[in-house]
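Q: Have a look; sequence and predicted model below, questions after that.
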There are 8 protein chains.
Amino acid sequence: GCAKVDLHRERRVGYPEVIYCAGKTSGQVTAILKAMLEREVNILATRASRELYQEIREICPDARYSPLAGAVTIRRKEVKAPPGYIALVTAGTSDLPVAEEAAVTAELFGNRVERIVDVGVAGVHRLFFNLETIRGARVVIVVAGMEGALPSLVGGLVDKPVIAVPTSVGYGASFHGLSALLAMLNSCASGVSVVNIDNGYGAGYIASMINNL
Amino acid sequence: GCAKVDLHRERRVGYPEVIYCAGKTSGQVTAILKAMLEREVNILATRASRELYQEIREICPDARYSPLAGAVTIRRKEVKAPPGYIALVTAGTSDLPVAEEAAVTAELFGNRVERIVDVGVAGVHRLFFNLETIRGARVVIVVAGMEGALPSLVGGLVDKPVIAVPTSVGYGASFHGLSALLAMLNSCASGVSVVNIDNGYGAGYIASMINNL
Amino acid sequence: GCAKVDLHRERRVGYPEVIYCAGKTSGQVTAILKAMLEREVNILATRASRELYQEIREICPDARYSPLAGAVTIRRKEVKAPPGYIALVTAGTSDLPVAEEAAVTAELFGNRVERIVDVGVAGVHRLFFNLETIRGARVVIVVAGMEGALPSLVGGLVDKPVIAVPTSVGYGASFHGLSALLAMLNSCASGVSVVNIDNGYGAGYIASMINNL
Amino acid sequence: GCAKVDLHRERRVGYPEVIYCAGKTSGQVTAILKAMLEREVNILATRASRELYQEIREICPDARYSPLAGAVTIRRKEVKAPPGYIALVTAGTSDLPVAEEAAVTAELFGNRVERIVDVGVAGVHRLFFNLETIRGARVVIVVAGMEGALPSLVGGLVDKPVIAVPTSVGYGASFHGLSALLAMLNSCASGVSVVNIDNGYGAGYIASMINNL
Amino acid sequence: GCAKVDLHRERRVGYPEVIYCAGKTSGQVTAILKAMLEREVNILATRASRELYQEIREICPDARYSPLAGAVTIRRKEVKAPPGYIALVTAGTSDLPVAEEAAVTAELFGNRVERIVDVGVAGVHRLFFNLETIRGARVVIVVAGMEGALPSLVGGLVDKPVIAVPTSVGYGASFHGLSALLAMLNSCASGVSVVNIDNGYGAGYIASMINNL
Amino acid sequence: GCAKVDLHRERRVGYPEVIYCAGKTSGQVTAILKAMLEREVNILATRASRELYQEIREICPDARYSPLAGAVTIRRKEVKAPPGYIALVTAGTSDLPVAEEAAVTAELFGNRVERIVDVGVAGVHRLFFNLETIRGARVVIVVAGMEGALPSLVGGLVDKPVIAVPTSVGYGASFHGLSALLAMLNSCASGVSVVNIDNGYGAGYIASMINNL
Amino acid sequence: GCAKVDLHRERRVGYPEVIYCAGKTSGQVTAILKAMLEREVNILATRASRELYQEIREICPDARYSPLAGAVTIRRKEVKAPPGYIALVTAGTSDLPVAEEAAVTAELFGNRVERIVDVGVAGVHRLFFNLETIRGARVVIVVAGMEGALPSLVGGLVDKPVIAVPTSVGYGASFHGLSALLAMLNSCASGVSVVNIDNGYGAGYIASMINNL
Amino acid sequence: GCAKVDLHRERRVGYPEVIYCAGKTSGQVTAILKAMLEREVNILATRASRELYQEIREICPDARYSPLAGAVTIRRKEVKAPPGYIALVTAGTSDLPVAEEAAVTAELFGNRVERIVDVGVAGVHRLFFNLETIRGARVVIVVAGMEGALPSLVGGLVDKPVIAVPTSVGYGASFHGLSALLAMLNSCASGVSVVNIDNGYGAGYIASMINNL
Ligand SMILES: Nc1ncnc2c1ncn2[C@@H]1O[C@H](COP(=O)(O)O)[C@@H](O)[C@H]1O
Ligand SMILES: Nc1ncnc2c1ncn2[C@@H]1O[C@H](COP(=O)(O)O)[C@@H](O)[C@H]1O
Ligand SMILES: Nc1ncnc2c1ncn2[C@@H]1O[C@H](COP(=O)(O)O)[C@@H](O)[C@H]1O
Ligand SMILES: Nc1ncnc2c1ncn2[C@@H]1O[C@H](COP(=O)(O)O)[C@@H](O)[C@H]1O
Ligand SMILES: [Mg+2]
Ligand SMILES: [Mg+2]
Ligand SMILES: [Mg+2]
Ligand SMILES: [Mg+2]
Ligand SMILES: [Mg+2]
Ligand SMILES: [Mg+2]
Ligand SMILES: [Mg+2]
Ligand SMILES: [Mg+2]
């Protein structure tokens, strides 16, 4: 076989394995899927095209697709919702696909997600109008491309951990997200930790872990 | 004056401002210190040489110094300890200064820190001997240089958030910590978020935030 | 002519020249092939599309194609198999094409290859289940993308040379395999040497050399 | 001679040549200085150590030294002050040397400079307290290291051109100012242009040009 | 909604928000457009394909398109022209799209733009033939790719601020504009500040700000 | 117009302007061509597709096309051939397009070019078989990708200037020619100077200059 | 304690742990040493200054020091010598320290090492004079800085595995060994694998493993 | 011995081996020197400190030292001067050490060198005043740091080959000469080839080769 699905993972780290579809053939994805469907786990497949989703629906008609996130979800099990919520703050409209990958992930894992979109630092008053929602969360995800300044700003305003997600949005000296990544790693606000460029999934996962503490 | 101490920060984000001493003259550091001493706050000064510590002790005799971390602490206020603890995992002996900066920070903020040192992936059984302590924590800090593989390994074994700290330990193609940083950002384990190279302080800070949720 | 085939190479280094098809026109590839077919040598053409394979089959009907590896092989001569075998360890499903290029190369050169797939560090128990096979080999190839941690882990567990192959699997700060490459070069395990990103062929070749010592 | 002083420059671009002392021997600096002293021009020597300043004072007793900026100035001619002023905004205490190089340059060229220090994004209210002064300027210089977010924030709040100066303040993934530089080049606020890392002199020069329009 | 249009921006910084179309769906662009059309503002959409322009014209028939710049403009309001003009200097024919984006931006904001094209340093006499026009401007934009030398040359010849725009024109070691960007940041001429690679829009915006002082 | 053809260039530097077609519309190319056809100069257009060549032939039926080099030549004037010749040494078959661009350029400028192909360092005897031809030249061009070692080897064997051309041939850590470029710049043989990655044209031009001294 | 010496390593991978002294205090080094001296193992400490060696000799008088390699060795146990030998080929005089680290390592592990020094590609005949010795080895280490071409050359001439060690010898665009590293990773000769820049220790270790197969 | 002096090099490439002193002990340098002194060759030792020069004078009293170039020369043999001369053009005063290394090299090899200093592009008229001297040369060396624009300008004005030498002069985004190096490799003037950053020696060597054709 092409894969050894880590079926024991949920017991070990609390969450089942997730299928990262980029660079896999649809044959490989469906083989992994079938192995997982034999267990009672909720399934998430990220970076999935609509074509792949169609093939998945053949073997699993209750699969759902978020075109913005490019994510397929299959819900097979109730997950207990923690009392708090995750604030998901996005700098610009072009960052929405990455943010939505985070949202889909966190929601599948049972979390409530409050979305605050398009509040980038060029018009900072938009952030302040939403400060109460952000401050009420147990953990905050901030998604931004280009100069990646938004997590520093948020980090200086809240007393909760901030998960910063750099995106590849931008051009020229953004170098496909490097600029935002470096900015976030060098944040002068102290509560900010960072995941990979465009890694909405990872941010949603960590935020869920923290929200469930 | 050379600085506008953010005295209002503790109210906003839960912790007072911290003095980053690198690139500041001792005159600037003591000026900032005096402003802070007027308030009832615990003080932390990072990247401080022993010489700077001596000068600080002149104006504040109860200042403490950790030579391994290069950190000065001044305790002025009781901090309520949360019930859980932070596991602090270090890959090699050379990574200890960064790890200790994290420990000093987290302890000043009232946390219990369990240190597990020298358990790098080249001798992975050393990690497994300590797995129970790591799994018992509410949040795990993992400090590693060179290939930075340890956070991925730990991330695949625990159901708690992992804060990864790349260090500049290494030579040649480690490029002063770049190699460890990139490895941690690309972790195939899902619960890992990353702070700046050698940023023990930041990791201790975030872990404290999470441990206090 | 467009090429000076190094027909004397097998005598010098033990193996005939191999055709790297990327960036060559099909006319150039078949011209080189014809020159080689005049001699009694086994032929390997890497990075070959199925279209190129079709053209090759016109002039050489016994050519074989591995679609996963993208490699064409033509077997014209018996090769004596050495008694030992090569262990080929792969981190994830997406790394399979590179691993298979290594396998095809080593097998054409007469080696037995034991494949252990999908045992990346996020679920490290999968590696331990296969340790005996890995330890029994004379040389180990480890293929991994993203954070490239697997060779360090394997290197700390076996007493045989490890050939590490970074892959371009990943996104964002993986920078097309740079992250895995740097990790492998900085391995804290000592028996690890590294080949170019995605260079399955080179790894298979070196492993064959070592297996034949 | 070691240099061809561009004595005609003031007529061409409005300002005399400036002596960049780094990498020059003190013999070279004083040779250039003597050539310039024969003309009625105001003289600026940047990146000058106190030792170099002592040597300069031997041949020119009215030379002044700013130890923070590392700059020597010799005032030989009245410069007509423009009616407006330059706002000089600094993110942190460690950025002050670069900011002061900008201030010394602009002031020697006859400008009024309003300094607003230590208003980095981690405590953004400090910026808002100073907004009126910033908005009243004809041009704004913003100096910041680490994540370099401040120019974006300022750029979104004022209707005047912002000259952003990245500094090499930081460590690890700040890569000696690269992180701040990239952030500023990718600013999502539109009125921001950028000079070289630590180039306070260049920012002061351009701001003076704009303030004199 | 996918966006929070910063309708208050014109009051704050003097110019309305501009729509950056790259990475946005046409649905997102037209949603933003409709929100803006409710106000009396001039609209600029950059990085727009002809297809997108067709869709825009459906909801706004008086939209204009510059195919060279890839920019859509909608003029809804008279803008008072300042007395001076902007000189727009281009190094080579291949830099024209970026230059034209600057021109369209500056002209929509009411400025007169004098274009001087194809005067790169390999044939420097072409620049000197146009020096009078350049010197007569209030601010100069210089657009160049490859070695990005032209802004330094212009900066040494005029007494007005120079906005340098590196372009991604070139190949090999131009690294998609990095070579020109670094050259411009290191200009030995003093009045040069720099915007992002290919950021014609930003240059036109800043030049307009300066021309309106 | 979109271009200011530097018609005076031949008088100044000895060669007419050359048309670099990448990134130009066919309209721009033919406009430049028409301006040049009014003069008695030989014309070279590099990086031209076969489609562009067809359009050029409409306005200039005697234009020739080299599909390997991707170059169009129009010969309008006899050029006196210098007595010596240029040796053009190529490492591998995949480097031929770049080498041929150099050959076409040098030949249009009247030089005799001796081609020695496919003599890369992996089979160094192939180089030695051709040493006499290389040593007889007045100047040597060496074209190589991947590790770019060939110019060092040649440079240590001849007493004539070596022009090294790195190519983007390779994958993974060749980083599109960076690896070959750095190797050539660091050559331990002393007579080697380097042009841009894939810049066959530049190498042919310089070699022609030297061959005509 | 500061370290968990991996005393079980010799059983697992065939060699005891080695002390990498860079970045460790002398207190840490001697603590590790004492733990190891309790066992019957041969000890190697790399990157050791003469001062550190003096301190080591206090607690272990039979320690030996190689000033060229910067390595301390303590021999406590006979090691059976394998019948073959390792060829150690060095490009230039400045690469000797790295080469000697490899030699000291391999010799402590019981191998015979044949040194061939100063045979860089600029004078390639020096290599050919030594070809017989190189071809007689079971494995070849090649150490080179600058353009790192030597391993490719050797790799094309021998039928044994080549371990390439890039060194930081060079300046400018050698970027502290990056140039040699990239060249070696992109070697067009097939039997070449690579270790970290300046990692003589790693090369000696792997060569020993292979020589003992 | 530590070195295999390439005594046969002069016969092969026309010039004797040159001693690069950086990274060599004085013992190694004098050993190489003694081997060379046994032959009738002119000797050049580059990157030599004054201390090293003193030691060299002990064994060779007629050795000369250029402190600006850091070069030792020993003249043992008449060299026939070619009729032409080399023009050596320097951008700024800080580039003089690199330029002087080129001059010392070329002069030891028998060439006449015409120096034109401090004619950087910020004051381009200084270049035009010296154009006749530059145009009269058989080959031109251009030395520049920072933005490295001067070779492009010179290349567009002369009909002789230009050897461009980037220097590490600059700070911030000059990245130790990278900025100048990239600019020169991307020169839009055609007759420019490039040597390593700060490699005055290499430029002098190549210019001598060309001047002697
Ligand atoms: N070791 C450290 N690493 C990273 N950030 C730090 C460190 N120590 C202090 N800081 C941060 O730096 C801020 C002070 O920056 P500044 O205004 O330049 O003095 C503090 O408020 C902390 O948030
Ligand atoms: N601190 C500085 N940063 C950047 N450029 C400077 C600085 N100080 C002086 N300069 C420029 O450097 C030029 C002198 O260069 P040089 O000919 O090498 O002496 C001056 O004319 C200024 O344009
Ligand atoms: N010169 C060297 N280069 C690379 N790795 C080394 C070197 N010397 C020792 N090592 C490795 O570093 C490990 C010790 O790392 P640490 O736990 O930080 O002391 C040893 O077990 C060796 O595998
Ligand atoms: N300043 C210099 N820059 C670059 N290469 C040099 C320099 N000086 C000498 N060399 C070269 O370095 C070679 C000596 O290298 P090595 O064998 O390491 O001593 C000489 O033969 C020269 O080709
Ligand atoms: Mg928006
Ligand atoms: Mg250890
Ligand atoms: Mg898997
Ligand atoms: Mg501060
Ligand atoms: Mg042109
Ligand atoms: Mg070939
Ligand atoms: Mg040598
Ligand atoms: Mg000067």
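A: Nice, I can see it. Numbers count the residues shown, from 1 in each chain, chains lettered A, B, ... in the order given. Ligands and ions are numbered 1, 2, ... in the order given.
Q: who in chain A is up against chain E?
A: Within chain A, the positions lying close to chain E (Cβ under 8 Å from any Cβ of the partner chain) are A:93-94, A:96, A:117-119, A:122-123, A:125-126, A:169, A:171-174. No exception for glycine: its C-beta is placed from N, CA and C like everyone else's.
Q: Which of those residues fall in helices?
A: Counting by DSSP state H, the part of those found in helices is A:96, A:125-126.
Q: picking that back up, who wins for neighbours among the residues of chain A next to chain E?
A: A:V169 (30 neighbours; other Cβ atoms under 10 Å in any protein chain shown).
Q: how about the nearest residue to that residue, chain neighbours excluded?
A: Excluding its sequence neighbours, the residue lying closest to A:V169 (Cβ to Cβ, 6 or more residues apart in numbering or on different chains) is A:G145, at 2.9 Å.
Q: which residues does that neighbour contact?
A: Residues in contact with A:G145, defined by Cβ atoms under 8 Å, 6 or more residues apart in numbering or on different chains, are A:91-92, A:94-95, A:166-170, A:174, A:177, A:180.
Q: Need the pLDDT of it.
A: With respect to pLDDT, A:G145 scores 98.
Q: in chain A, which spans are strands?
A: Under the criterion DSSP state E, chain A carries strands at the ranges A:19-20, A:43-46, A:64-66, A:71-74, A:85-90, A:112-116, A:139-144, A:162-166, A:192-194.
Q: Can you add mean neighbour count and give those strands back as a markdown table?
A: Output for the strands of chain A, formatted as a markdown table (neighbours: other Cβ atoms under 10 Å in any protein chain shown):
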| stretch | mean neighbour count |
| --- | --- |
| strand A:19-20 | 22 |
| strand A:43-46 | 24 |
| strand A:64-66 | 16 |
| strand A:71-74 | 23 |
| strand A:85-90 | 26 |
| strand A:112-116 | 18 |
| strand A:139-144 | 30 |
| strand A:162-166 | 33 |
| strand A:192-194 | 32 |
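Q: Show me the one of these that comes nearest C:E38.
A: Closest approach to C:E38 among the strands of chain A (Cβ to Cβ): strand A:19-20, 46.9 Å.
Q: quick one: average confidence on the closest one?
A: 95.
Q: does that strand come close to ligand 7?
A: No: figure legend: strand A:19-20 not in contact with ligand 7 (Cβ under 5 Å from the ion); closest approach 8.5 Å.
Q: And stretch A:57-70, end to end?
A: 15 Å (Cα to Cα, to the nearest Å).
Q: And it, how far out from the chain middle?
A: 17 Å (Cα atoms, centre = their mean, to the nearest Å).
Q: Can you list the neighbours in contact with that stretch?
A: Contacts for stretch A:57-70 (Cβ under 8 Å, 6+ apart): A:30, A:33-34, A:37, A:46-50, A:53, A:56, A:71-75, A:96-97, A:100-101, A:103-104, A:200.
Q: For chain A, which element, helix or strand, carries the lowest mean pLDDT?
A: helix A:9-13 (a mean of 82; mean pLDDT, DSSP states H and E).
Q: Only the buried residues of that one, if you could.
A: A:9-10, A:12-13 (16 or more other Cβ atoms under 10 Å in any protein chain shown).
Q: Kindly indicate which of those residues lies nearest ligand 7.
A: Relative to ligand 7, the closest of the buried residues of helix A:9-13 is A:R9; by Cβ to the ion it sits at 10.3 Å.
Q: Backbone dihedrals for the residue lying closest to that closest one once chain neighbours are set aside, please?
A: Leaving aside its chain neighbours, A:R9 sits nearest to A:E17 (5.1 Å; criterion: Cβ to Cβ, 6+ apart). The phi/psi pair for A:E17 (degrees, to the nearest 10) reads phi -60, psi 150.
Q: returning to what we had before: between the contacts of A:G145, which sits nearest B:N130?
A: The closest of the contacts of A:G145, once distances to B:N130 are taken by Cβ to Cβ, is A:P166, at 32.7 Å.
Q: and that closest one, what are its bridge partners?
A: A:P166 has the following beta-bridge partners by DSSP bridges: A:A144.
Q: list the contacts for it?
A: So A:P166 contacts A:144-145, A:148, A:177, A:180-181, A:183-184, A:194, A:197-198, C:172 (Cβ under 8 Å, 6+ apart).
Q: and A:E78, what pLDDT?
A: 88.
Q: Next, the buried residues of stretch A:152-165.
A: A:152-158, A:160-165.
Q: Can you give me the first-to-last residue distance of it?
A: Across stretch A:152-165, first to last residue, Cα to Cα, it's 12 Å.
Q: And stretch A:43-55, by the same measure?
A: Note: stretch A:43-55 ends 15 Å apart using Cα to Cα.
Q: roughly how far out does it sit from the chain middle?
A: With Cα atoms, centre = their mean, you get 16 Å for stretch A:43-55.
Q: Report the contact partners of the residue nearest the centre of chain A.
A: Centroid-nearest residue in chain A, with Cα atoms, centre = their mean: A:A102, separated by 1.8 Å. If you count contacts by Cβ under 8 Å, 6+ apart, A:A102 has them with A:88, A:113, A:141, A:143, A:165, A:200-201, A:203-204, A:207.
Q: Next, find the distance separating it from ligand 1.
A: 25 Å (Cβ to the nearest ligand atom, to the nearest Å).
Q: and the nearest residue to A:V117 once chain neighbours are set aside, what are its bridge partners?
A: Once flanking residues are discounted, A:V117 sits nearest to A:T90: 4.6 Å by Cβ to Cβ, 6+ apart. Applying DSSP bridges to A:T90 gives these bridge partners: A:V143.
Q: list the contacts for A:L181?
A: A:148, A:166, A:194, A:197, B:185, C:172-173.
Q: can I get the residues you listed in a markdown table with pLDDT?
A: Shown next, in a markdown table, are those (pLDDT from 0 to 100):
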| residue | pLDDT |
| --- | --- |
| A:G148 | 98 |
| A:P166 | 98 |
| A:V194 | 98 |
| A:I197 | 98 |
| B:L185 | 98 |
| C:G172 | 98 |
| C:A173 | 98 |
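Q: So which of these reach ligand 6?
A: Okay, of those, nothing touches ligand 6 (Cβ under 5 Å from the ion).
Q: ok, so of those residues, who is nearest ligand 5?
A: A:G148 (15.0 Å).
Q: gap between A:T133 and F:T90?
A: 64 Å (Cβ to Cβ, to the nearest Å).
Q: my bad, should have said A:V124
A: Counting by Cβ to Cβ, the gap from A:V124 to F:T90 is 58 Å.
Q: Let me know the closest of the contacts of A:G145 to ligand 3.
A: A:P166 (30.4 Å; Cβ to the nearest ligand atom).
Q: Low-confidence bits of chain A, can you list those?
A: By pLDDT under 70, chain A has no low-scoring segment.
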